[in-house]
Structure formats: C-alpha cells, structure tokens
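In: okay, structure incoming, though there's no sequence with it:
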C-alpha cells in the first residue's frame with residue numbers, strides 16, 4: 001500500500017477508491033492503471049514525510065573555510 005496524490009483537476013478512481021483534486025489516497029502499489037497514471041503525471045507518490053523534513057540542512061563549513069573567517073571577525077571587532 002502506498003499514498004498517492006491527485007495532481008489533476010478532476011476526481012480520480014484507482015482500484016475502487018476516489019481522490020478529489022490535490023488530495024491523497026491509499027492504494028495498493030500494484031493496482032491496475034496506477035503506473036500509467038503516475039507516468040502521465042495524474043498521480044504522484046507521497047513519501048509520508050512532512051515538508052519540513054524533506055529539506056536538507058546545508059552542510060557546515062569545515063576546515064579551511066572556518067579558519068579563513070576567524071581573522072575577518074577579529075578585524076571587525
């Protein structure tokens with residue numbers, strides 16, 4: 001079972017389950033016609049994480065970059 005979001009402007013029926021526009025539905029990943037709808041862009045797979053969890057934190061500066069910033073901070077003081 002997987003969650004899929006309806007990206008179209010109309011109601012979608014997959015495996016006897018309906019999804020209004022911009023809503024998700026929980027269907028079997030092997031449901032007839034599901035792969036075709038995903039390929040056409042009518043449905044998109046939802047991974048279940050929140051939007052905040054999807055964004056990655058920027059990598060911390062390491063090594064030489066931190067050393068280069070320290071003299072600039074001392075000069076500003």
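Out: Arrived safely. What you are looking at is a predicted structure, and each value in this text was computed from that prediction instead of being measured.

In: what about this protein, any weak spots by pLDDT?
Out: 50-77 (pLDDT under 70).

In: could you pull out the helices for the chain?
Out: 34-40, 51-54, 64-76 (DSSP state H).

In: and residue 44, how many neighbours?
Out: Residue 44 has 13 neighbours, counted by other CB atoms under 10 Å. All C-beta spots, glycine's among them, are computed from the backbone N, C-alpha and C.

In: again with residue 38
Out: Residue 38, neighbours per other CB under 10 Å, totals 15.

In: that one contacts residue 4, correct?
Out: Yes: between residue 38 and residue 4 there is a contact under CB atoms under 8 Å: 7.2 Å.

In: and the closest residue to residue 17 other than its chain neighbours, what does it touch?
Out: Once flanking residues are discounted, residue 17 sits nearest to residue 25: 5.1 Å by CB to CB, 6 or more residues apart in numbering. Residues near residue 25 by CB atoms under 8 Å, 6 or more residues apart in numbering: 3, 4, 6, 12, 14, 17, 18, 19.
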